[in-house]
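> below is the sequence, then the predicted model.
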Amino acid sequence: MSTTTVQKSAAADQAPSPAPARRTRRRGEPGLLGTLASHGMLIVASLIALFPIAWLVYLSLGPDKDDYLHPGRIWGKMTFDNYSFVLTETNFFDWLKSSLVVSLGTTFIGVIIAATTGYAVSRMRFPGYRKFMWVLLVTQMFPIAVLIVPMYQILSELQLIDTYLGLILVYCSTAVPYCAWLLKGYFDTIPFEIDEAGRVDGLSPFGTFLRLILPLARPGLAVAAFYSFITAFGEVAFATTFLLDDEKYTFAVGLQSFVSEHDAQRNLMAATAVLIAIPVSAFFYLVQKNLVTGLTAGGTKG
């Protein structure tokens, strides 16, 4: 009995194992060729997006102002002298302070106004609320050249020329209409039952908005904040017109100091541009978790 059992066990061990079942591709799942093609396209798109940044960094390492005409010569004489000059011999930190004050002020004030405006239009049905949103949209159609003169007259009468507050208010007039539309679309995705639950609990309309709605609208607020920050940080025309003191120049205006009628120090401009990108990248890192959610959810309803 034992010998027969051992022989059967040996025969079972020697028997070929069944071939693994072939994995069937689910419907809609891309094949190997499609996967390779999509990854290849993403790699190419990433390289295209990163090339200007890498090229700017490369040009910033050239010691001479005309190195951009012969970029191949930079490789053998790379130096960080441009960065040292910008940080020590220019008003870089004054530009940084001014840019952060104006950008963060625009972000704070602009998001508050846009959030309350978007929430009011999303939840309240007052006379003319649709026309009001269209008026906000129409304000985006006017070019900057048309707005500079009347804005200058208004700021001059309010004695806000060459002040941070005046520039912040000007930037809010650009950022608030778009952000109000964006946040209105995001507030529409939040169930109205949450407002009703807040009122049942004894909250005022503002308390409901502040304690219940705003925490749920964090992704939309992040997108509005990022847009407001970028709008104020990189704007040139208004800052050049309304700021007169060189110590109050923002980065966008400070870069113009490297360009004169007969000369352009492009190596210093490249180094300054690289340094300017650092605070913007830091701000993007802080809000990037909510950007995709806010952009997609804000467009589900209108």
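That came through, no problem. Residues are numbered from 1 along each chain as shown.
> what about the helices in the stretch 51-200 of the chain?
Defined through DSSP state H, counting those that start in this stretch, the helices belonging to the stretch 51-200 of the chain, from first to last, are 81-89, 92-123, 129-138, 144-157, 164-188, 193-200.
> right, so of the ones you listed, which gets closest to Ser260?
Closest to Ser260 of the helices of the stretch 51-200 of the chain, according to C-beta to C-beta: helix 81-89, at 16.1 Å. All C-beta spots, glycine's among them, are computed from the backbone N, C-alpha and C.
> average pLDDT for the closest one?
On average, the pLDDT along helix 81-89 is 89.
> okay, buried residues for that helix please.
Of the residues in helix 81-89, Asn82, Tyr83, Phe85, Val86 count as buried by neighbour count, 16 or more other C-beta atoms under 10 Å.
> same deal with stretch 158-174?
Leu160, Thr163, Tyr164, Gly166, Leu167, Ile168, Leu169, Val170, Tyr171, Cys172, Thr174.
> if we can go back for a sec, farthest-separated two in the buried residues of helix 81-89?
The span of the buried residues of helix 81-89, defined through C-beta to C-beta, is set by Tyr83 and Phe85 at 7.3 Å.
> who touches both of these two?
Jointly contacting Tyr83 and Phe85 under the rule C-beta atoms under 8 Å, 6 or more residues apart in numbering are Ala271.
> before we move on, back to that, now the helices of the stretch 51-200 of the chain as a markdown table including distance to Asp66?
Shown next, in a markdown table, are these (distance: least, C-beta to C-beta, whole Å):
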| stretch | distance to Asp66 |
| --- | --- |
| helix 81-89 | 13 |
| helix 92-123 | 23 |
| helix 129-138 | 46 |
| helix 144-157 | 32 |
| helix 164-188 | 35 |
| helix 193-200 | 62 |
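> can you tell which of the ones you listed is closest to Phe51?
In this view, the helices of the stretch 51-200 of the chain are compared for proximity to Phe51 by C-beta to C-beta, and helix 81-89 is the closest at 20.4 Å.
> neighbours of Pro279, how many?
By other C-beta atoms under 10 Å, the residues close to Pro279 number 16.
> the one 3 residues further on now?
Number of residues near Ala282 (other C-beta under 10 Å) recorded here: 9.
> just the element for it, please.
In this structure, Ala282 is located in helix 266-297 according to DSSP states H and E.
> check the offset of that helix from the chain's centre.
Remark: helix 266-297 is offset 7 Å from the chain centroid, using C-alpha atoms, centre = their mean, to the nearest Å.
> again, but for stretch 260-274
Averaged C-alpha coordinates place stretch 260-274 at 25 Å from its chain's average position (C-alpha atoms, centre = their mean).
> check stretch 114-132 too.
Here the centre of mass of C-alpha atoms in stretch 114-132, compared against the chain's by C-alpha atoms, centre = their mean, lies 25 Å away.
> look up how far Gln288 lies from Leu169.
Spatial separation of Leu169 from Gln288 under the definition C-beta to C-beta, to the nearest Å is 28 Å.
> equivalent analysis for Leu221, please.
Counting by C-beta to C-beta, the gap from Leu221 to Gln288 is 14 Å.
> cool, thanks, talk later.
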